[in-house]
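Student: Here is a sequence together with a model predicted from it:
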Amino acid sequence: MNEIITTQGIEFIKSELMTLAMDNQYVVKYNTVYLAVYTKNAGARLEKVYRSRGDLPLTKRGRYHTMDYKRVNKLLGFELLIG
């Protein structure tokens, strides 16, 4: 049975979140960028790495996108993350 994990207001299947963490993927939600991480004690989770204070959001409200660090940097318009 697929266990559902809710983190940062997003529902993930446990295996999906684990895959994002192992691939070093980022999750962009409205005006915040999260890094998917896995630790032995806490398991898979999202860790906030950036929050936009500008007028324009990064995505539409209620949506999220997964991407690598290159696409996040391109979306932000400056180099925040390194691979």
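Tutor: Yep, that arrived. This structure is a prediction, so every number in the text was calculated from the model and none was measured. Residues are numbered from 1 along each chain as shown.
Student: what's around Ala42, how many residues?
Tutor: By the criterion of other CB atoms under 10 Å, Ala42 has 9 neighbours. For every residue, glycine as well, the C-beta is placed using N, CA and C.
Student: ok, now how distant is Leu46 from Asn24?
Tutor: As for Leu46, its distance to Asn24 is 13 Å (criterion: CB to CB, to the nearest Å).
Student: same deal with Gly83?
Tutor: 8 Å.
Student: which residues are in contact with both of these two?
Tutor: Asp68, Tyr69 (CB atoms under 8 Å, 6 or more residues apart in numbering).
Student: So these two - more neighbours on which side?
Tutor: For Gly83 and Asn24, the more surrounded residue by other CB under 10 Å is Asn24, and the numbers stand at 13 against 7.
Student: The more buried one: which element?
Tutor: Under the criterion DSSP states H and E, no helix or strand holds Asn24.
Student: got a pLDDT number for it?
Tutor: Model confidence at Asn24, given as pLDDT, is 95.
Student: Could I get the full set of strands for this structure?
Tutor: 4-7, 10-13, 26-29, 32-39, 43-51, 64-67 (DSSP state E).
Student: average pLDDT for the second one?
Tutor: Read it as strand 10-13. Strand 10-13 comes out at a mean pLDDT of 95.
Student: helices or strands up against that strand?
Tutor: Using 3 or more CB pairs under 8 Å, 6 or more residues apart in numbering; DSSP states H and E, the elements in contact with strand 10-13 are strand 4-7.
Student: Nothing else from me, thank you.
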